[in-house]
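Chemist: No letters, just coordinates:
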């Protein structure tokens, strides 16, 4: 396994620092019940999903460019194309943030443009998925709750009363029936449940979009072995031609 350089350590430190800041932020969400442990689990799961999307972007681009994908790793799991199985892989790649894709071309090496496309596909997958989730979240936020908005009491009716005369006969207050109380409670519970789901969706979408953008940007930083370094090296080779 290749040793980490100063650039590797810096990028990894920024990734974990950003994750820590998001952990502190997520622990304040009402949807997560202000629970540090729940926030840590949610952040870990979202991180894994974001890394899987990143690596799948690399794998898809490699396949489209004619390469044969051997393995897709998103720590702590790795999928082998030879065995078609997923196994536990606890080792963190030295130069990658949480995962990698192993592939090879039949000719031994792909073209410069193919290498650049494969390297760019991971960050682009993160940016595209972040944009899609942000758009869906925004559309859902504009939709009313499934149970309908809560009833808002209007202004009380105005009744003219002359001085010294009793008010007009008012209808006695009616006690709601059990069916009406049950319907009211059911609507209230439905609104509360819809509100809770909306809060969860807002929290998860916010964390997903933020982590996706951070992972995509950090992978574009041109340190040794990163996607940004591969893209920059390919661009330089094309300029020299």
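Modeler: Great, that's in hand. Keep in mind the model is a prediction, meaning the values are calculated, not measured.

Chemist: So for the helix or strand that contains residue 38, mean pLDDT?
Modeler: According to DSSP states H and E, residue 38 maps onto helix 36-64. Summarised as a single mean, pLDDT over helix 36-64 is 92.

Chemist: Next, the angle helix 36-64 makes with the following helix or strand past that helix.
Modeler: Downstream of helix 36-64, the first helix or strand assigned by DSSP H and E is strand 68-74. Angle between the axes of strand 68-74 and helix 36-64 is 170 degrees (criterion: axes from the mean of the first three to the mean of the last three C-alpha atoms, to 10 degrees).

Chemist: Quick check: neighbours of strand 68-74 in the sheet, parallel or antiparallel?
Modeler: Paired strands of strand 68-74, with direction, are strand 77-80 (antiparallel), strand 99-104 (antiparallel) (DSSP bridges).

Chemist: Let me know which of these is tucked in deepest.
Modeler: strand 99-104 (a mean of 20; mean count of other C-beta atoms under 10 Å). The C-beta positions use only the backbone N, C-alpha and C, and glycine is treated the same way.

Chemist: how far out from the middle of the chain is it?
Modeler: 23 Å (C-alpha atoms, centre = their mean, to the nearest Å).

Chemist: any idea of the mean pLDDT for it?
Modeler: 90.

Chemist: right, and the helix or strand after it?
Modeler: Next along from strand 99-104, by DSSP H and E: helix 112-142.

Chemist: Which residue would you name as the spatial centre of the protein?
Modeler: In the chain, the centroid-proximal residue (C-alpha atoms, centre = their mean) is residue 208; its distance is 1.7 Å.

Chemist: For it, give me the pLDDT.
Modeler: 94.

Chemist: tell me the contacts of it?
Modeler: Each residue near residue 208 by C-beta atoms under 8 Å, 6 or more residues apart in numbering is listed here: 46, 49, 50, 129, 130, 133.

Chemist: ok, 7 Å please
Modeler: 46, 50, 133 (C-beta atoms under 7 Å, 6 or more residues apart in numbering).

Chemist: Could you point out which of those is nearest to residue 11?
Modeler: Distance to residue 11 across the contacts of residue 208 (C-beta to C-beta) is lowest for residue 50, with 15.3 Å.

Chemist: Is that closest one in contact with residue 215, as I believe?
Modeler: Yes. Counting by C-beta atoms under 7 Å, residue 215 is a contact partner of residue 50 at 5.5 Å.

Chemist: who touches both of these two?
Modeler: In contact with both residue 50 and residue 215: residue 126, using C-beta under 7 Å, 6+ apart.
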